[in-house]
Every structure is written in structure tokens, then in C-alpha cells.
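S.K.: Got a sequence here, can you build the structure:
(chains A and B)
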Amino acid sequence: MSHDYKGVSWTPFKKKYDRWILIWVALYLVSFVVLSYMSQPSGESATPPQVLIRATGTLSFGLLTFILMIGPLARMTARFKPFLYNRRHLGVTTFLIALVHMALVLMWYHGFGDLNPLVSLFVSNPQYDSLAGFPFESLGFIAFLILFLMASTSHDFWNANLGPGLWKTLHMMVYVAYGLLVAHVALGAIQFEKHPIYVVALLGGASIVAGLHIITGLASFKSDEKADADGWIRVASVDQMEDKRAKIVRPKESDAIAIFRNGNLIYAVSNVCRHQGGPLGEGKIVDNCITCPWHGFQYRMEDGRSPEPFTERIATYATRIVDGVVFVNEEANEPGTAQAPSQIGAAT
Amino acid sequence: MKRIHRRRHLAIWILLVPIVGFVVWRAITERPIVPEIEALPPSLQQDAG
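M.R.: Predicted coordinates:
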């Protein structure tokens, strides 16, 4: 939260999470190299750079596959939310491993000729009109450029300067990058590697990622709430509203609303954090402020404004309680507009 | 996630799946099948060689 740019600070959890990422990456690379040499058929000898190219290629593709599963899985079960809130670090790690993969490929396969390795990557195999013989490395390179763009703008500085809308649109290009990488693997490794594990891993991983995104995407629209003629949407009974927490409703024609209970009072604000579009309704009330679970941006419940000196504002909504049931009106107030809360137990 | 982002997100996946799926399907079905010559009967090894 900021009246000016302010970076997101490291927390002990994020540090622990980063250590685990490094441990798993190191374990995977060492295991891959050891197993490659142990299972190598007699008479065949892969060079160390070739083994590392395979190790970093499979790891970066596997990590990206896992990263893309986190979003829909977190919508299905809260267990994946810690991964969701720390996904950026995993994304940058994936980029760095892809960088090593690409550097090794350029040096090993394109570094010994007269041509510039980057030019060689695009022209050494000219079969652009063939599918099976397609120069798959070019697809990997384009995907790498997208990952580079994303990793280099992943810092909060760029989010603040590009604006949340453009930043989000830019980062949605990861799906295009993933599509290019699936094609890169299918037209590359799958053509050369005889072991069926490569086909199974590619098809299985890509199908799960695509399936999860489409299923949760469709489900999110199906669960949209329809308001009554006056714009009121049923939220939950008062007993179901946990103190300091929120329920989220998704109106059919507008953005999601987070309805918080704070003691005997009910407040409603936009579910979308101004910082990076984080789900405020999955956060909680800390120091009398709604606190985003992603990076701790805070808003006052009564008017949707960040406490001084910060300047972010989100929309507020009218609420009411009828026969012990909480309702919210889908009509949003202007961001930062004060809205009186509903009181539990008051006459309706 | 904003509603517009949910729509875009779903649209991207609905577009990606058939395009990438087609490429993967063709890539797998057109894979060059290299017989392991040593595994073939001697009479066929000569032909394969």
C-alpha cells in the first residue's frame, strides 16, 4: 500500500518458501543428472551439457506446469493458497532455470559455427513448412522472451508504474508462453526421446493444466449470483458469517464483492485489491482494516480508503440484514465513499 | 480476479486448447519410428540396415 511506490517486504514465510524452492530445484537437478548417467544404455554417451540441457528443460517446463495449476487449485481448495500468494518467486525461479537451459542450448548447439548463435537458432533448420521437422527451438525462444518480460516486470515497481490492468494483461501472456512451450516439447524432445514417459508427462501435465483452467473458469461464471429486482443479493445467514472474515459474492454483471463481519457490524467492499487485484475477501480484518492476503494492503471498512498517508480507494456497497440473513446491494458506491454498516440484532 | 480478467482468461484457454492440441497430436502421430535394428530377427536386420 503506498502514497508512492513501496516494495513488498520479505516475510519469514516467504524466506522459508524460497529456501524450499532452492532445495527442491537442487534435488531435482542432482537426481536427474545421477539417474541419467545410471540409466544410460551402454554405447550411448550423453555429454554433460546435453544432460544439463535436458535437466533444466524438464525442470523449467515442470515448474511452469505446476505454477499454472496453482491458480485453479487454490480456487478449489484453500490448501493451495500459500502457493498462490507466493507464486511470483516460483515464476522468477522458472525463468532463471529456463535462462540456463537456453544459454546451454545456444552454446552447445549453435556456438561453434560462423553464425551468431541467436541467428543460427532461427536459420539452421529452415523447415518452417513442416510440422514434424519444425524448428522447435524458435518456439522455445519466443516463450523465453515472454517469460523474460514477465520476470523483469514482476517487481512491484512495474506494477505501480504500468498500473494493475496493464500489468495483469501482460502477465496473462504466460498462457501463450505455456502453449508455445508445449509445442516446443512436442516438436522437440518428443521427436527424439524414445522413452514413453516423455509423452505421458507432456500430455498429462498439459491436459491437467488446461482442464483445471477451463473447469474452474466455467464454474466461476456458473456460481455468479443473480440480484433481485432491487439489486439485493443474498450473502449468508448471520450465523455463517465468521468474525473478522468475509464471504464473497459474484454478481452476474459486475466484479466480486467481499462482505465482512466485524463484531456485530457488517460491511461490504469490492473484492479486488487496488494493488494487484488480490482477493480481499480471502483476507481478514487486522487493526480494524481489511487486509489483502497477497501483500498486506489495507483498507478501512467504513469507506474503502487506505489509512493515511496512503491513497488507495475501493468501492463500498450497501448491506442489510433481514430475518437473520445478510444481503448486499450489487450497485457499487464510488471508491472511497463512506457507507454505514448493518448491525446484527438491530430492528430491520 | 476482475470479471473482465476471468472472461479473458477463459477465452485464452478455449482458444489455446484446440491449437496446441492439434500441434501435439500431429507431432506425436508423425513421430519418426526408428526400429531398434538389434531387436529385429536376423533376416530383417539386413533389410533394416
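
S.K.: Which stretches in the stretch 101-250 of chain A count as strands?
M.R.: Applying DSSP state E, counting those that start in this stretch to the stretch 101-250 of chain A gives strands spanning A:232-237, A:246-249.

S.K.: For those strands, give me JSON lines that also has mean neighbour count, distance to residue A:334 and mean pLDDT.
M.R.: Placement of C-beta: from N, CA and C, glycine included. Shown next, in JSON lines, are those (neighbours: other CB atoms under 10 Å in any protein chain shown; distance: least, CB to CB, whole Å; pLDDT from 0 to 100):
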{"stretch": "strand A:232-237", "mean neighbour count": "17", "distance to residue A:334": "20", "mean pLDDT": "93"}
{"stretch": "strand A:246-249", "mean neighbour count": "22", "distance to residue A:334": "20", "mean pLDDT": "92"}
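
S.K.: so which strand or helix has residue B:22?
M.R.: Following DSSP states H and E, one finds residue B:22 within helix B:3-29.

S.K.: Tell me if that helix is near chain A.
M.R.: Yes. Contact of helix B:3-29 with chain A (CB under 8 Å from any CB of the partner chain) involves B:3, B:5-6, B:8-10, B:12-14, B:16-17, B:19-20, B:23-24, B:26-28.

S.K.: That helix packs against which elements?
M.R.: helix A:174-187, helix A:189-192, helix A:196-222 (3 or more CB pairs under 8 Å, 6 or more residues apart in numbering or on different chains; DSSP states H and E).

S.K.: can you do 6 Å?
M.R.: Contact partners of helix B:3-29 among helices and strands, from 3 or more CB pairs under 6 Å, 6 or more residues apart in numbering or on different chains; DSSP states H and E: helix A:174-187, helix A:196-222.

S.K.: which of those helices sits most buried?
M.R.: Most buried of the helices and strands packed on helix B:3-29, by mean neighbour count (mean count of other CB atoms under 10 Å in any protein chain shown): helix A:174-187, with a mean of 24.

S.K.: how many degrees apart are the helix holding residue B:22 and helix A:174-187 in direction?
M.R.: Going by axes from the mean of the first three to the mean of the last three CA atoms, to 10 degrees, helix B:3-29 is angled at 0 degrees with respect to helix A:174-187.

S.K.: how much does helix B:3-29 deviate in direction from helix A:196-222?
M.R.: Using the same axes, to 10 degrees: helix B:3-29 against helix A:196-222 is 150 degrees.

S.K.: Just the buried residues of helix B:3-29, please?
M.R.: Buried residues in helix B:3-29, counted by 16 or more other CB atoms under 10 Å in any protein chain shown: B:3, B:5-6, B:8-10, B:12-13, B:16-17, B:20-21, B:23-24, B:27.
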